[in-house]
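> Have a look at this fold, sequence not included:
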């Protein structure tokens, strides 16, 4: 079950609160420093300490602010999927599933060409700004390493990437499926396939996923910063290759999730304020911060435009929800491949009807992108009518 708040039922933070209550109950029942009690409290200390570190730095408040502003409207909600749910979703990640997402992404890109053009302009501008940030970051690497060493920046980013692990797993899987499907459709030689937009985007997303995983396993702060610089360079490469036909490819593999993760990394950076810096260190720190703020603003606009494109796609369509658990299928027939097992309450937009079947637009939980499929009408509860 997903939640729209990082503090709601089913969220990782709610689990931590639950563990805190359990620890309090143990303290009430304990009549002495028994070994069992000590061991159980020790087991709880790991996740609680991690949470306290994030809370003290203000990162959670910063992320909550980003979420309220709309920049990360879906990021935290979909990141709370449990590993068991992810495993079930991954089992449905067939070529048919990927085709449905890609088809919807093309429809979204074609629905509002004005928004598409805005996204392209923003991406081109952001790419140039990210490149400036990369150069500034590299030029001041030793100073950045020194002033951030005591801030636990890399540890905090690792905690957030762990929080996003289910979403990142979905991102990796989507990229792998997209690349494989593209090869099958083209039935092309390696040379032709290497020039495919889908293949290029998929490879970039897979490389980004590998860098994020490596940051989570870095042995030192220096190594974390080096990997983060490589991640920034890769983001710049993705934006610099933003052409007319790549918006749908990025959406087709859920690559906009990388932007959300980068925004969270920047949120942590704003919490890094060294107590003492020399004039040279202060100048370098402020230069990097200014570059980050410029990129942050552009990325926020890109995410907002992406959400606006999704909204435009379903504008005017009747709204509905599943009144019971039901399969969402590729075709309007009971034997058609299942795209997703929708749960009761899943929000839908009704696009078409065929007999006792309804073509619905829904949000795919693995990629966090809109997709389309058919649902048996008796499982659908209408909420309103089109304006």
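Perfect, thanks for sending it. Bear in mind that the values here come from a model prediction, so they are computed numbers and not experimental data.

> doesn't residue 338 make contact with residue 327?
Yes. Between residue 327 and residue 338 there is a contact under Cβ atoms under 8 Å: 4.7 Å. Every C-beta, even on glycine, is put in place using the N, C-alpha and C of the backbone.

> List the contacts of residue 353.
Taking Cβ atoms under 8 Å, 6 or more residues apart in numbering, we find residue 353 in contact with 359, 377.

> SS state for it?
Classification of residue 353 using DSSP: H, G, I helix; E, B strand; the rest coil returns strand.

> Which residues does it form beta bridges with?
residue 358 (DSSP bridges).

> let's have the chain start at 2 instead
Sure, I'll start numbering at 2, so the last one becomes residue 354.

> pLDDT score assigned to it?
In this model, residue 354 is scored at 95, pLDDT.

> Could you list every helix and strand that the helix or strand hosting residue 235 packs against?
Using DSSP states H and E, residue 235 falls within helix 222-241. Helices and strands touching helix 222-241, by 3 or more Cβ pairs under 8 Å, 6 or more residues apart in numbering; DSSP states H and E, are helix 114-140, helix 142-149, helix 154-164, helix 198-217, helix 257-270.

> Can you pull out the low-pLDDT segments for the chain?
For the chain, the stretches with pLDDT under 70 are 2-94, 151-155, 158-203, 217, 241-258, 272-276, 386-388.

> just to revisit the earlier point, among the helices and strands packed on helix 222-241, which is nearest residue 369?
Of all these, helix 257-270 sits nearest to residue 369, with 6.2 Å by Cβ to Cβ.

> what's that closest one packed up against?
Applying 3+ Cβ pairs under 8 Å, 6+ apart, we find helix 257-270 packed against helix 60-70, helix 76-79, helix 154-164, helix 166-187, helix 198-217, helix 222-241, helix 280-315.

> among the helices and strands packed on helix 222-241, which is nearest residue 302?
helix 114-140 (5.4 Å).

> Now do the closest one against helix 257-270, angle only.
Here the directions of helix 114-140 and helix 257-270 differ by 50 degrees (axes from the mean of the first three to the mean of the last three Cα atoms, to 10 degrees).

> and residue 323, how many neighbours does it have?
20 (other Cβ atoms under 10 Å).

> Identify the bridge partners of it.
residue 381.

> Next, the contact list for it, please.
Here residue 323 is in contact with 343, 344, 345, 346, 347, 349, 376, 380, 381, 382 (criterion: Cβ under 8 Å, 6+ apart).

> What's the ChimeraX line that selects buried ones from the residues you listed?
Under the burial definition 16 or more other Cβ atoms under 10 Å, those of the contacts of residue 323 that qualify are selected in ChimeraX by:
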select :343,347,349,376,380,381
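
> what's the domain layout of this protein?
Here the domain parsing of the chain from automatic domain parsing is 13-55, 92-314, 320-383.

> sorry, back to before: in the helix holding residue 235, what's buried?
The neighbour-count check on helix 222-241 (16+ other Cβ under 10 Å) flags 222, 225-240 as buried.

> Check stretch 96-113 too.
In stretch 96-113, counting by 16+ other Cβ under 10 Å, buried: 97-103, 105-107, 109-110, 113.

> Tell me, how many residues neighbour the residue nearest to residue 379 when sequence neighbours are not counted?
Take residue 379 and drop its neighbours on the chain: the residue closest to it by Cβ to Cβ, 6 or more residues apart in numbering is residue 357, 7.3 Å away. By other Cβ under 10 Å, the residues close to residue 357 number 9.

> And the one 5 residues further on, by the same measure?
A count of nearby residues for residue 362, using other Cβ under 10 Å, gives 20.

> Next one: it from residue 321, what distance?
Counting by Cβ to Cβ, to the nearest Å, the gap from residue 362 to residue 321 is 10 Å.

> what residues are shared contacts of the two?
With Cβ under 8 Å, 6+ apart as the test, residue 362 and residue 321 both reach 349, 350.

> Residue 137 is in contact with residue 288, correct?
Yes. Taking Cβ under 8 Å as the definition, residue 288 is a contact partner of residue 137 at 5.7 Å.

> Can you point out the buried residues in stretch 129-141?
Here stretch 129-141 shows 129, 130, 131, 132, 134, 135, 137, 138, 141 as buried, counting by 16+ other Cβ under 10 Å.

> Which residue is the nearest non-sequential neighbour of the fourth one?
Computed as Cβ to Cβ, 6+ apart, the closest residue to residue 132 that is not its neighbour in sequence is residue 237, at 4.9 Å.

> what sits up against stretch 309-316?
Contact with stretch 309-316 is made by 105, 108, 109, 110, 112, 113, 116, 117, 120, 350, 362, 371, as judged by Cβ under 8 Å, 6+ apart.

> Distance to residue 317 added to these, as a markdown table?
A markdown table is the format used below for these (distance: Cβ to Cβ, whole Å):
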| residue | distance to residue 317 |
| --- | --- |
| 105 | 17 |
| 108 | 14 |
| 109 | 15 |
| 110 | 18 |
| 112 | 11 |
| 113 | 13 |
| 116 | 16 |
| 117 | 19 |
| 120 | 21 |
| 350 | 9 |
| 362 | 12 |
| 371 | 15 |
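
> Show me the two of these that sit farthest apart.
Across the contacts of stretch 309-316 (Cβ to Cβ), the longest gap, 21.3 Å, separates 120 and 350.

> So which of those two has more stuff around it?
residue 120 (23 against 20).

> From the structure, what's the count of residues near the closest residue to the more buried one other than its chain neighbours?
Spatial nearest neighbour of residue 120, chain neighbours left out: residue 306 (5.1 Å); criterion: Cβ to Cβ, 6+ apart. Neighbours of residue 306 under the rule other Cβ under 10 Å: 20.

> can I assume residue 306 is in contact with residue 118?
No. Residue 306 lies out of contact with residue 118 (Cβ under 8 Å); the separation is 10.1 Å.

> which residues are common contacts for the two?
If you check residue 306 and residue 118 against Cβ under 8 Å, 6+ apart, no residue is contacted by both.
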